[in-house]
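> Task: produce atomic coordinates for the following.
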Amino acid sequence: MRSRLLVVGLAPGRLGAHRTGHPFWGDDSGDWLYDALLRYGYAEAGEAGRPPRLKDCRITNAVRCLPPGNRPTPAERRQCSTFLERDLGELCRGGRRRRPVAVLALGHFAHEAVLSSLGLRLASLPFAHGAAHRLAGGLALVDSFHCSRYNTRTGRLTRSMFDAVFEQLKAHLLA
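All right, here's what the predicted structure looks like:
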């Protein structure tokens, strides 16, 4: 993986990735995420009915299976951790080109999964929307509320809040 940005979500959505086979494609959260990726240059428009083509970006989830009630358990996170560890390892190895790399954690669950996979203490780097945690090797972990329908429809996450997170990512990756 040569990407410099890794987006980590919760798990495949029932109406999105679980149904379409593409992370975040086919549901409301995917509309928000892909719109931002397109506007910030991490994706380009795909063919009609297909997800945009990612550029310098990869999307993964903390849990690989569709959890009942969209509530993965800590055991499911642990069981799937080897996949996330692999993705993070590839991202960090690619960062050895002396270019900054970043992880966008969509939600508290993804944030904790990333920290656990990196062997970092959860209490030392608390989740907060818009928080940017500078880690070793030029890696930044940037937190955002998940772009779920619940969060976007209730105003917990607004477009300007999501854009501010992408501005932080852009600033880090251009440094």
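
> Give me the neighbour count for L115.
Neighbour count for L115, taken as other CB atoms under 10 Å: 22. For every residue, glycine as well, the C-beta is placed using N, CA and C.

> now swap in R71 and tell me
10.

> Determine the next helix or strand in the C-terminal direction from the helix or strand of the chain with the lowest mean pLDDT.
Least confident helix or strand of the chain, by mean pLDDT, DSSP states H and E, is helix 17-20 with a mean of 51. Beyond helix 17-20 on the C-terminal side, the first helix or strand identified by DSSP states H and E is helix 28-39.

> Any buried residues in that next one, and which?
28-34, 36-37 (16 or more other CB atoms under 10 Å).

> Check which helices and strands the next helix or strand after it sits against.
Next helix or strand after helix 28-39 toward the C-terminus (DSSP H and E): strand 43-44. Strand 43-44 sits against helix 28-39, strand 53-54, with contacts defined as 3 or more CB pairs under 8 Å, 6 or more residues apart in numbering; DSSP states H and E.

> Swap in 7 Å and give it another go.
strand 53-54 (3 or more CB pairs under 7 Å, 6 or more residues apart in numbering; DSSP states H and E).

> which residues are contacting the following helix or strand past the strand it packs on?
Helices and strands here follow DSSP H and E; after strand 53-54, the next one along the chain is strand 57-61. Contact with strand 57-61 is made by 1, 3, 5-12, 23-24, 37, 42-43, 84, 87, as judged by CB atoms under 7 Å, 6 or more residues apart in numbering.

> Show me those that map onto helices.
Among the contacts of strand 57-61, the members falling in helices (DSSP state H) are 37, 84, 87.

> hang on, the earlier thing: tabulate the buried residues of helix 28-39 in a markdown table, adding columns for pLDDT.
Shown next, in a markdown table, are these (pLDDT from 0 to 100):
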| residue | pLDDT |
| --- | --- |
| D28 | 83 |
| S29 | 87 |
| G30 | 86 |
| D31 | 89 |
| W32 | 93 |
| L33 | 95 |
| Y34 | 93 |
| A36 | 97 |
| L37 | 96 |
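
> nearest to R71, of those residues?
Nearest to R71 out of these is S29 (CB to CB; 15.6 Å).

> didn't R4 look like it was pressed against V103?
No - in this structure R4 lies outside contact range of V103 using CB atoms under 7 Å: 10.3 Å.
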